[in-house]
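>>> sequence and computational prediction follow.
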Amino acid sequence: MPLKMTSAPAALLLVLFLASCAERTPPPPAPLVLLPPESVFTPCEQPKLQGDTWGDIGSHALALQTALSICADRVRVLNQWKATLRSKL
């Protein structure tokens, strides 16, 4: 008779232990990393002065102005991406 009395609590504990293992909490999802558009990662062109006349300096100024506007556009795209990211949060 004592054997049956000790097996009942042991069986109850076994059922409780098995039930606690049956329900596992799922792991938290990995954080989503948002990156800006790839176009802002390309390096900006830095035109070199080619020539030695006053006219070459004028052409160089135009090339610098074009390169500067391209880089400014990349910064504008980056700021626009940041603003849309903040509006989603």
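Perfect, thanks for sending it. Residues are numbered from 1 along each chain as shown.

>>> buried stuff in the longest helix along the chain?
Among the segments of the chain that qualify as a helix by DSSP state H, the longest is helix 54-88. Using 16 or more other C-beta atoms under 10 Å as the test for burial, helix 54-88 gives 63, 71, 74. C-beta coordinates here come from the backbone N, C-alpha and C atoms, glycine included.

>>> and if you look at stretch 35-48?
For stretch 35-48, by 16+ other C-beta under 10 Å, it's Val40.

>>> spatially central residue for this structure, please.
Closest residue to the average C-alpha location of the chain: Val33 at 2.5 Å, with C-alpha atoms, centre = their mean.

>>> now do the contacts for that one.
Neighbour list for Val33: empty [criterion: C-beta atoms under 8 Å, 6 or more residues apart in numbering].

>>> check the gap between it and Ala72 for me.
Counting by C-beta to C-beta, to the nearest Å, the gap from Val33 to Ala72 is 27 Å.

>>> likewise Leu13?
Leu13 is 71 Å from Ala72, by C-beta to C-beta.

>>> cool, and Leu34?
For Leu34, the distance to Ala72 equals 23 Å [C-beta to C-beta].

>>> for Pro37, same thing?
Pro37 is 15 Å from Ala72, by C-beta to C-beta.

>>> ramachandran angles for the residue nearest to Thr66 when sequence neighbours are not counted?
Using C-beta to C-beta, 6 or more residues apart in numbering and skipping residues adjacent in sequence, the residue nearest Thr66 is Pro47, 8.0 Å away. Main-chain dihedrals, Pro47, degrees, to the nearest 10: phi -60, psi 140.
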